[in-house]
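>>> return atomic coordinates for the entry below.
(one chain, ligands or ions: 1)
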Amino acid sequence: MTVEADDRDPPPDGREGSWLACVECGTTFPPFAAVRYRCDECSGLLEVRYADPPTFEDFRGRGRGVWRYAPALPLESGVSLPEGDTPLHRVPDIREELDLRALRVKHEGMNPTGSFKDRGMTVGVAVARRVGVDRLACASTGNTSAALAAYGARANMETLVLLPAGKVAAGKVAQAALHGARILEVDGNFDTCLDVVDDLATRGEAYLLNSLNPFRLEGQKTIGLEILESFREEYGTVPDRIVLPVGNAGNTAALYKCFRELAAAGALDPDDVPTLTGVQAEGAAPFVEAVEAAADEVRRWPEVETRATAIRIGNPVNAPKALPGIYETGGTAVAVSDEEITAAQRSLAAEGVGVEPASAASVAGLRRLREDGVVGADERVVCLTTGHLLKDPDAAAAAGADTEPVPGTTEGVLDHLKG
Ligand code: F0G
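This next block holds a predicted model:
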């Protein structure tokens, strides 16, 4: 059973023994004393650190979903709808086609607003209440805005979302609109939107809830915790590889952090850490470019284009946290074409799993790496599908079957079926 916290209760205190640390220079800060997204000393990215990271024993008997994992989070409870506890689907046809020892699909589209962003928002919006801000904001390719609009509404807070004009899928804009966010359509791409909202946040005009916000990634860590717990239950081991789409590389960073904390707590053998494998669309692949060059920095792509609009991003801001995750786990990154993405979306749909294009990139990438022999037949793999099919109804309709006009009579329908 999942217990929903009463979101109008006073915000909970932060966890004892947690602080913020700069990933570049190591400077530390108290977690909630001030609103801070970057290091005061060197502007590096911040992450939450814990004196005593938990083991799986600490989650026993704590219900399901994101807040099961409260011992691994900076707060005891959040603004919850609730989120997490998503299915780990079997996809026997794709597994057979790719000839893999095991293949599961973690369908994050089954979260309350239809994407993994809810896991980050339940924590991030609770922190916003804790630090006492009154206006929330994000830049978004769509899913972050839908999640922030819903969690902002739940917390009774004003919410601004900055979207690249004309480049956000219909379902996502509809969600942000109905949940009552102010939708600012920006003349520019996602990266421009993030530049602006980052500036607004620095000027104190709004609380930033993009994945630059270190608290959001704490919630997203729970994807890794759920995968490892379920996998161990079923297979007695952890997956060899996790394949996921990459935009800002927040999820990649969050999964790596999850594994590091488990290893530090003695709950995961460092030799067993799943190999992190990122996938981007060919038209928006700066992260792949960096991994292929074994670089520790990403070059910003000024122009990006792909049908997978959720990952139409040229400046993956979490790269400094995510690239080490790829390198340290022995992973890789691969770019796939829009056609490969649509083919993977159809393959998943043919097994009953409905995902949006960006999500299908994970399966498209796995297919490519299997063909190239990078992924071996002996591997147990989990693909992450990050958003629901209904997020992008236009892409789904274009990839799916055509409608067939028929007369309004049984005979007419039967004739049509015979013909
Ligand atoms: N998949 C989907 C469906 C997404 O919406 C996103 C990011 C990603 C993958 C990439 O995740 O950024 O952690 O590497 N969407 C953001 C948004 C940018 O605004 O909704 P990442």
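>>> how deep is the residue nearest to residue 83 when sequence neighbours are not counted tucked in, by neighbour count?
Residue nearest to residue 83 in three dimensions, not counting chain neighbours: residue 118, with 3.9 Å by Cβ to Cβ, 6 or more residues apart in numbering. For every residue, glycine as well, the C-beta is placed using N, CA and C. When neighbours are counted by other Cβ atoms under 10 Å, residue 118 registers 29.
>>> what's the helix or strand for residue 118?
helix 117-131 (DSSP states H and E).
>>> mean confidence score for that helix?
Across helix 117-131, the average pLDDT comes to 97.
>>> which regions of this structure sit below the pLDDT cut-off?
Along the chain, segments meeting pLDDT under 70 span 1-14.
>>> all strands for it, in order.
Here the chain has its strands, by DSSP state E, at 18-22, 28-29, 46-50, 88-90, 102-107, 135-139, 158-164, 182-186, 207-208, 241-245, 275-281, 332-336, 380-385.
>>> show me what the residue lying closest to residue 23 once chain neighbours are set aside is bridged to.
Spatial nearest neighbour of residue 23, excluding adjacent residues (Cβ to Cβ, 6+ apart): residue 45 at 5.0 Å. Residue 45 has these beta-bridge partners by DSSP bridges: residue 38.
>>> buried residues, stretch 379-396. List them.
For stretch 379-396, the neighbour count (16 or more other Cβ atoms under 10 Å) marks 379-392, 395-396 as buried.
>>> ignore what I typed, I meant stretch 191-198.
For stretch 191-198, by 16+ other Cβ under 10 Å, it's 191-194, 196-198.
>>> is the ligand contacted by the longest helix seen in the chain?
What stands out as the longest helix in the chain, according to DSSP state H, is helix 214-235. No. If you take Cβ under 6 Å from any ligand atom as the test, helix 214-235 misses the ligand, and the best it gets is 7.3 Å.
>>> can you check what angle separates that helix from strand 275-281?
Helix 214-235 and strand 275-281 meet at an angle of 120 degrees, taking axes from the mean of the first three to the mean of the last three Cα atoms, to 10 degrees as the criterion.
>>> next, the angle strand 18-22 makes with helix 214-235.
110 degrees.
>>> list the buried residues for helix 214-235?
214-231.
>>> and that helix with strand 46-50, angle?
Interaxial angle, helix 214-235 versus strand 46-50 (the same axes, to 10 degrees): 60 degrees.
>>> rewinding a little: which of the strands of the chain sits closest to residue 355?
Distance to residue 355, taken as Cβ to Cβ, is lowest for strand 380-385 among the strands of the chain, at 4.3 Å.
>>> show me what that closest one is packed up against.
strand 102-107, helix 214-235, strand 241-245, helix 357-371 (3 or more Cβ pairs under 8 Å, 6 or more residues apart in numbering; DSSP states H and E).
>>> what angle do it and strand 275-281 make?
Between strand 380-385 and strand 275-281, the angle comes out at 40 degrees (the same axes, to 10 degrees).
>>> give me the residues contacting strand 380-385.
The contact list for strand 380-385, computed with Cβ atoms under 8 Å, 6 or more residues apart in numbering, reads 88, 100-109, 116, 223, 227, 231, 235, 237, 239-245, 251, 274, 348, 353, 355, 359-360, 362-363, 366, 375.
>>> for the ligand, what are the nearby residues on the stretch 301-419 of the chain?
Residues of the stretch 301-419 of the chain found near the ligand (Cβ under 6 Å from any ligand atom) are 310-311, 356, 358-359, 386-387.
>>> now do the stretch 151-300 of the chain
Neighbours of the ligand within the stretch 151-300 of the chain, by Cβ under 6 Å from any ligand atom: 211, 245-251.
>>> what's the farthest-apart pair in the residues you listed?
Spatial extent of these (Cβ to Cβ) is set by the pair 211 and 245 at 13.5 Å.
>>> what inclination does the helix holding residue 118 have with respect to helix 214-235?
Helix 117-131 runs at 140 degrees relative to helix 214-235, counting by the same axes, to 10 degrees.
>>> return the residues in contact with the residue nearest to residue 328 when sequence neighbours are not counted.
Leaving aside its sequence neighbours, residue 328 sits nearest to residue 256 (Cβ to Cβ, 6+ apart; 7.2 Å). Residue 256 is in contact with 276, 321-322, 324-325, 328-329, counting by Cβ under 8 Å, 6+ apart.
>>> out of the residues you listed, which comes closest to the ligand?
Nearest to the ligand among these: residue 322, at 7.6 Å, using Cβ to the nearest ligand atom.
>>> so who does residue 208 touch?
With contacts defined as Cβ under 8 Å, 6+ apart, the neighbours of residue 208 are 37, 137-138, 197-198, 200-201.
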